[in-house]
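Novice: Quick one: sequence and predicted model below, then my questions.
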Amino acid sequence: MIRIAIAATCLALAGLPALAETGIMKTNGVLTDAKGMTLYTFDKDEGGKSACYDACATNWPPLLAEKGAAATGDYGLTERTDGTMQWTYDGMPLYLWVKDTKPGDMTGDGVKGVWHVAK
């Protein structure tokens, strides 16, 4: 029991959300999903809403939240046009990049000058 409390305190002090709450982690200052895949933001998103649909969402899959997920701290949720919920960080929707093939890849950073690693 004490070990669990210490681990939870360490995560809180590190500014990391509890993995069970969001599935998002911070690794070396970069946001990743639960599998360690890099997350990205899109400059064309406005007002916390996604502007990435159709072919864009095929290449940049939105980081979808499980049903019943709740916002916590800097991590929020935004509704997509199909009714699914997408995770946001500091008001920016989060995405994966299909060309990243393994944890630690960041090949989407700077694509077309509008995609950036989420930090």
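Specialist: The structure has been received and is ready for your questions. Residues are numbered from 1 along each chain as shown.

Novice: contacting residues for Arg80?
Specialist: 50, 53, 62, 86 (CB atoms under 8 Å, 6 or more residues apart in numbering). (Glycine included, C-beta is placed from N, CA and C.)

Novice: Tell me, how many residues neighbour the first one?
Specialist: Using other CB atoms under 10 Å, Ser50 is surrounded by 23 other residues.

Novice: Which among the contacts of Arg80 count as buried?
Specialist: Among the contacts of Arg80, those classed as buried by 16 or more other CB atoms under 10 Å are 50, 62, 86.

Novice: Quick check: of these, which lies closest to Ala70?
Specialist: Distances from Ala70 to those, taken as CB to CB, are shortest for Gln86 (14.0 Å).

Novice: What's the first helix or strand after the host helix or strand of that closest one?
Specialist: Using DSSP states H and E, the element containing Gln86 is strand 85-89. Using DSSP H and E, the helix or strand that follows strand 85-89 in sequence is strand 92-93.

Novice: Centre of the chain to that next one, how far?
Specialist: Relative to the centre of its chain, strand 92-93 is centred 8 Å away, using CA atoms, centre = their mean, to the nearest Å.

Novice: In terms of secondary structure, what does it contact?
Specialist: Here strand 92-93 touches strand 40-42, going by 3 or more CB pairs under 8 Å, 6 or more residues apart in numbering; DSSP states H and E.

Novice: contact partners of the strand it packs on?
Specialist: Here strand 40-42 makes contact (CB under 8 Å, 6+ apart) with 50-52, 60, 89, 92-97, 108-109, 114-118.

Novice: tell me which helix or strand of the chain sits lowest on mean pLDDT?
Specialist: Lowest on mean pLDDT, DSSP states H and E among the helices and strands of the chain sits helix 2-13, with a mean of 40.

Novice: Tell me how far Gly33 lies from Asp54.
Specialist: Just to correct that, residue 33 is Asp rather than Gly. Using CB to CB, to the nearest Å, we find Asp33 at a distance of 22 Å from Asp54.
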